[in-house]
Structure formats: C-alpha cells, structure tokens
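Q: one predicted model, sequence on top.
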Amino acid sequence: MKRRKFNNLLALGLLATSLPVAIAACQSDSTSEAGAGADGEFVPLGTVADLDAQGSLANENLQGKNLVVIRAPNAPDALIAVSAICTHAGCTVDWNGEQNLFACPCHGSNFNPDGTVDSGPARDPLETFEAKIEGDQVLVKV
C-alpha cells in the first residue's frame, strides 16, 4: 500500500469516527426539557405555613440552586426569591427580618429584599427568581 492511499484511508477513518460526536453536539437535549423541574418550571420549595412561621424558606439544593424566599416587606401577598449566594465571596447570606436585609456573614455585605446591594464590599445584586403561592405550597421557577 502506498503512503498516499494509507494517509487518505486514515483521514477518512478519523472523519468517520468523529461524525457521531458532531451529530450529538448539534442535537438539542430533550431529556432536560421533559423532566420534572426542568429549567423554567416551578418547583416546590416549602409550605406557606413554614414561610410564615420562619419568616423565610431556604433550600441549599433546589435544582442546583441555593435559594431563599421571603414575603415582600411592602406587599405581604407577594414573594421574593433570591439566590442565597453572596456575589462577593460566595458565602451563604441569611435573611434578617428585623433589618429587612440579606446579610453575608463573611465580609459584611448586605442586600435589600429585592436582592440589590445595600452595602458592600459586594457590587453585584443577588440573582432573583420568580416565586408564587399555589394552594399551600411556595413554588419557585428555577
């Protein structure tokens, strides 16, 4: 076998073996869209009774997110859901109902109920999520 023919066959083999990878990369991931709690769906975080008793609901792994839900201070029928991860150092913020602030224990950043920065060193707001009450459940869209 001549070198040129061997190189052509080798190149054709490499191309053929990489074709399934290229096809898989171009297809959409339909399994994540069809599963329960897929991106963009409301998932339960807790009960309204727990929210009212504790003042907030927190979950450290709701679809891979660390969330806190509170009732809006100025509109008790509305809910506010934010990421509980400080945008400065990645620490977990806690809801302080007396001061109406999310407080970071690591470096002293404070966030308003809507997730905006009240005081630094954090510069970026907390990520927000849509939340609602359905029946006796608090649901969050993740």
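A: Arrived safely. The shown structure was predicted, so the numbers you read here are calculated from the model rather than taken from an experiment. Numbering: from 1, shown residues only.

Q: how many other residues sit next to residue 15?
A: As a burial measure, residue 15 scores 10 neighbours (other C-beta atoms under 10 Å). Placement of C-beta: from N, CA and C, glycine included.

Q: where does it fall, phi/psi-wise?
A: Per-residue torsions, residue 15: phi -60, psi -40 (degrees, to the nearest 10).

Q: quick check: phi and psi on the residue lying closest to residue 141 once chain neighbours are set aside?
A: Of all residues not flanking residue 141 in the chain, residue 130 sits nearest, at 4.1 Å (C-beta to C-beta, 6 or more residues apart in numbering). Backbone torsions of residue 130, given as degrees, to the nearest 10, read phi -80, psi 140.

Q: wouldn't residue 130 be in contact with residue 82 here?
A: No: using C-beta atoms under 8 Å, residue 130 is not in contact with residue 82; the gap is 11.2 Å.

Q: between the two, who's got more neighbours?
A: Of the pair residue 130 and residue 82, residue 82 is the one with more neighbours under other C-beta under 10 Å, namely 25 against 13.

Q: show me what contacts the more buried one?
A: Neighbour list for residue 82: 67-68, 102, 111, 114-115, 126-129 [criterion: C-beta atoms under 8 Å, 6 or more residues apart in numbering].

Q: the spatially most central residue of the chain bridge partners, please.
A: For the chain, the residue whose C-alpha lies nearest the mean C-alpha position (C-alpha atoms, centre = their mean) is residue 65; its distance is 4.0 Å. Beta bridges link residue 65 to residue 62 when assigned by DSSP bridges.

Q: tell me if I'm right that it and residue 83 touch.
A: Yes: contact criterion C-beta under 8 Å: residue 65 and residue 83 qualify, at 6.5 Å.

Q: low-confidence ranges, this structure, go.
A: Scanning the chain for pLDDT under 70 picks out 27-39, 61-64.

Q: ranges for the helices of it?
A: For the chain, applying DSSP state H gives helices covering 3-26, 30-34, 48-54.

Q: closest one to residue 98 among the ones you listed?
A: helix 48-54 (13.8 Å; C-beta to C-beta).
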